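>>> Need a 3D model of the following:
(2 chains)
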Amino acid sequence: MSESLNTIEEFVASDYKYGFVTNIESDTVPPGLSEDVIRFISAKKHEPVWLTEWRLKAFRHWQTMTEPKWPNVTYAQPDYQAISYYSAPKQKKALNSLDEVDPELRKTFDKLGISLNEQKRLTGVAVDAVVDSVSVATTFKGELAKQGIIFCSFSEAVKEHPALVQKYLGSVVPHTDNFYAALNSAVFTDGSFCYIPKGVRCPMELSTYFRIEAANTGQFERTLIVADEGAYVSYLEGCTAPMRDENQLHAAVVELVAMDNAQIKYSTVQNWYPGDKEGKGGIFNFVTKRGLCKGANSKISWTQVETGSAITWKYPSCVLQGDNSQGEFYSVALTNNLQQADTGTKMIHIGKNTRSTIVSKGISAGRGQNSYRGQVKIMKGAANARNFSQCDSLLLGDRCGAHTFPYIDVQNPTAQVEHEASTSKIGEDQIFYLNQRGLETQDAVNMIVNGFCKEVFRELPMEFAVEAQKLLGVSLDGSVG
Amino acid sequence: MTTTKLKPAGDVATHLAAAEAFANSAPGPEWLRTLRRNGVTHFTELGFPTPKLEDWIYCNVAPVTKLAFKPAAGTDAGVTAKQLAPFAFPGWTGPRLVFVNGHFASTLSVLPAPQKGVTITNLAAALATGDQQVQAQLAHHAGLDASGFSALNTAFIADGAFISLAPNAVAAEPIHLLFVSAPGDAANTAQPRNLIVAGANSSAKVVEHYVSLGGAAHFTNAITEVSVGEGAHVEHAKFQEENLEAFHIATIQATLARDSRFLSHSISTGARLARHNINLVMTGQGVDCVMNGLYAVGGKQLVDHHTVADHAQPHCGSHEFYHGILGGSSRGVFNGKIFVRKDAQKTDAKQTSRNLLLTDTATVNAKPQLEILADDVKCTHGATVGQMNDDALFYCRTRGLGEVDARRLLTHAFASEIVNRITVEPVREHLEQVLWGRLEELIEKK
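So this is what the prediction gives:
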């Protein structure tokens, strides 16, 4: 335990390097978790009684649970009583110019091609640009409201739209679901809420807004997206810029609900701090994401690019309840140095003629360990269900590992389930060919890796696909030679 | 031989008491007595596996533990050669070792003509003569702690087949090991322990065959350890056609030395609950192994195959083919693991699992698993679950076959693909007969 404490301490200590400072206010609760703390959080956020009760129910259940041991990852278990579960929004010390920012960080920004204004915003430089973005955000908000789309922070939604929140909160990921989901249900502080009314096609990628408004996501985030009949929304979470955060443990919950003919496209780019080359520090990313295709002909599509975090543990899933509904999962997971990822998906086919597609690309470099863990479950009533899964692994170096744990459970004879997996490395002949064409070995590797991930990048919104490609290059830096 | 009297209702405690009594009183050299006691200790710790364990998640063995437990002390004299006639392979001329309730029955067996460098006998006899290989190899391959069942088997080591080949020896004919459960009211428990030691460049073909004479529930808990020496070639076929009340738990653990070749076949049609663990460990370079399997079950049967291809060394190849045909409300489980250890470069591992569901109520749980820690490898796995291919059916029908016949033809072809990999012809013939009958049953019951 002392080890994990050390890591947390180091994290806190290293914070200054990037110019963050936590403003200790009187209403920060001391570390530890108890019913009192939960009541405190709830009271602080002026939550209705039902939500307080819901949190407490989750907390009581959480106490009976133990941390899952089955993922193929090793780490020092966080001390849940050493975490402070509520602190008021942080105050960042404003920097005067970009020159004060860590040069390493700036180099990465440059490689990613992030605009100067955005760089400033991400590093907390106080300039007018930030004000600009806020006004842009307000414009977007107006446009969304005109269409009847609700898009706000979770706390705001609890206040403004309690009926909607109460109806859907925990309907996809119940508070009893798993250890981290229960913890999140008990202590979540904020997140996003999105409701698309009947027949509305959300006019923009909600990403843009999100990147501007909600960079300060917090440790226990809760996202709920509901697409009513015939609605469409594309949502992007995270961003390619490296995110430094002093919280080591991240346990978020994302719930999606799609009604008849609705479509939700959820894309994630995750680039949390992965720890240094020796595996010190780094974020533990334990996320529960699940989508419910409730209505007929609905569709939920998950796309993720996971390059950061010391430990990634997430399985964005689809419950295909409505007839003819569709689930998709496209994933690129990259582990370098001592990173570990245990990620994949679950496709639960309940309705008739449901279809699911899984494309998972795992890349391991350095001493990284990459696991795909997925389940395809065809229930008895899921006549004519169809699944295609493909999980490919690419190994760069001889000290990394790739693992595949697919579970295929079929209870209906009309179902067709296919699973394919392959493991390969970059051929010397491929590198040689590209060297011959004048490309450096590192660039050649980047190019081949990007080709390997093409099927997934194709699913990302355009501008993000470009950034994600660059991100892979940055994350692979130094993996060759 | 000692007879242990036991209460009819079985649970861990009764099994444990019996194991302790046996380990304390059974004859044998000191090392064996120690080994049995170790088995008891491990069983005390492990107990029976529960579905909470990842490896037993789909295989609930609770009914086994509830079964009245009657460890068979010796062979049942009531079994006659005539009763065994249906289990003979057509045109078989080779040796046949018969074990009744796990104990060798010399009167029913046909021992081979003595051959230099080839020992084919039973474990009890080999222990009695003090064969050095037994002490050197027994329980050196299969871990006691793999599961409660392995520990239990070890606690009860008494008899089984023992085949030993000196370097360069080639067994003249394939060897048939027939494990029979004698009819009786109480449930027999047989815990055979087989050991096959193939010296460098030797060669043998062994058929393990499990059958029941009565229709009553019985329990088989078998372990077969195989040590394949450098450059040796061993073919091991296992055929399990026990009655539909039986419980069958078995492990085949093979250690494959440099440049050896090992063929494993597992055909399973019987038993109410059948669990097969087949673990191959490649400890030398240049090994080539094949895992070939077929299960055809119906009713309320559960058949579970857990296979492991452990590439501990570079330049090895493993090829795995498993086909399942599931009718009634049966459940088929396939869990295939491929491990590629650090530095096991140039590994070529391939795994295919295909399952055919004949009814709405049959279930398949497939888990093809890869764990790879080396980069210069070629590893693929594929798993499919589904119905018959419509195109294939259509093709057959354009050639004038009725739909029922076309389905029958394709189902048989699906099974034959596996059976045809067995190189011992009489076994193939017997299998075809039995399988044909079984498949007809499954298709008709549909």
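>>> who touches the helix or strand harbouring residue A:444?
Per DSSP states H and E: residue A:444 is located in helix A:441-452. Helix A:441-452 has contacts (CB atoms under 8 Å, 6 or more residues apart in numbering or on different chains) with A:361, A:363, A:392, A:394, A:396, A:426, A:430-431, A:434-435, A:439, A:457, A:469, A:472-473, A:476-477, A:479-481. In this view, the C-beta of every residue, glycine as well, is placed from N, C-alpha and C.
>>> What average pLDDT does it get?
The average of the pLDDT scores along helix A:441-452 is 87.
>>> Can you tell me the number of residues neighbouring the closest residue to residue B:111 other than its chain neighbours?
In space, residue B:111 comes closest to residue B:95 once its chain neighbours are excluded; the distance is 5.8 Å by CB to CB, 6 or more residues apart in numbering or on different chains. Residues within reach of residue B:95, counting by other CB atoms under 10 Å in any protein chain shown, total 21.
>>> now residue A:53
Close neighbours of residue A:53, defined as other CB under 10 Å, add up to 12.
>>> how much space between it and residue A:154?
17 Å (CB to CB, to the nearest Å).
>>> what does the stretch 251-400 of chain B put close to chain A?
B:342-343, B:345, B:355, B:357-387 (CB under 8 Å from any CB of the partner chain).
>>> Can you select the buried ones from these in ChimeraX?
The ChimeraX command for the buried members of those (criterion: 16 or more other CB atoms under 10 Å in any protein chain shown) is given here:
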select /B:345,355,357,358,359,361,362,363,364,365,366,367,368,369,370,371,372,373,374,375,376,377,379,380,381,382,383,384,385,386
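>>> can you pull out the helices in the stretch 1-150 of chain B?
For the stretch 1-150 of chain B, the helices defined by DSSP state H, counting those that start in this stretch cover B:12-25, B:30-46, B:62-66, B:81-84, B:123-129, B:132-137, B:148-155.
>>> Moving C-terminal from the helix or strand bottoming out on mean pLDDT in chain A, which element do we reach first?
Lowest on mean pLDDT, DSSP states H and E among the helices and strands of chain A sits helix A:2-14, with a mean of 40. Using DSSP H and E, the helix or strand that follows helix A:2-14 towards the C-terminus is helix A:35-44.
>>> Need phi/psi at residue B:290.
When quoted as degrees, to the nearest 10, the phi and psi of residue B:290 stand at phi -130, psi 130.
>>> can you count the residues close to it?
When neighbours are counted by other CB under 10 Å, residue B:290 registers 19.
>>> mind checking pLDDT for the closest residue to chain A within the stretch 101-250 of chain B?
Going by CB to the nearest CB, chain A is nearest to residue B:147 of the stretch 101-250 of chain B, at 17.8 Å. What the model reports for residue B:147 is a pLDDT of 88.
>>> Distance of it relative to residue B:101?
According to CB to CB, residue B:147 stands 22 Å off from residue B:101.
>>> Using PDB, write out every CA atom in the helix ranked longest in chain B.
The longest helix of chain B (DSSP state H) is helix B:425-445. Listed next in PDB are the C-alpha coordinates belonging to helix B:425-445 (Å, rounded to 0.1, in the frame of the first residue of the first chain):
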ATOM      1  CA  GLU B 425      -8.200 -47.500 -39.400                       C
ATOM      2  CA  PRO B 426     -10.100 -49.900 -37.100                       C
ATOM      3  CA  VAL B 427     -10.700 -47.100 -34.700                       C
ATOM      4  CA  ARG B 428     -12.000 -44.900 -37.500                       C
ATOM      5  CA  GLU B 429     -14.300 -47.700 -38.600                       C
ATOM      6  CA  HIS B 430     -15.700 -48.200 -35.100                       C
ATOM      7  CA  LEU B 431     -16.000 -44.400 -34.600                       C
ATOM      8  CA  GLU B 432     -17.900 -44.000 -37.800                       C
ATOM      9  CA  GLN B 433     -20.400 -46.700 -36.800                       C
ATOM     10  CA  VAL B 434     -20.900 -45.200 -33.300                       C
ATOM     11  CA  LEU B 435     -21.000 -41.600 -34.600                       C
ATOM     12  CA  TRP B 436     -23.400 -42.400 -37.400                       C
ATOM     13  CA  GLY B 437     -25.800 -43.800 -34.900                       C
ATOM     14  CA  ARG B 438     -25.400 -40.900 -32.600                       C
ATOM     15  CA  LEU B 439     -25.800 -38.300 -35.300                       C
ATOM     16  CA  GLU B 440     -28.900 -40.000 -36.600                       C
ATOM     17  CA  GLU B 441     -30.300 -39.900 -33.100                       C
ATOM     18  CA  LEU B 442     -29.500 -36.200 -32.800                       C
ATOM     19  CA  ILE B 443     -30.900 -35.300 -36.200                       C
ATOM     20  CA  GLU B 444     -34.100 -37.300 -35.700                       C
ATOM     21  CA  LYS B 445     -34.700 -36.000 -32.200                       C
END
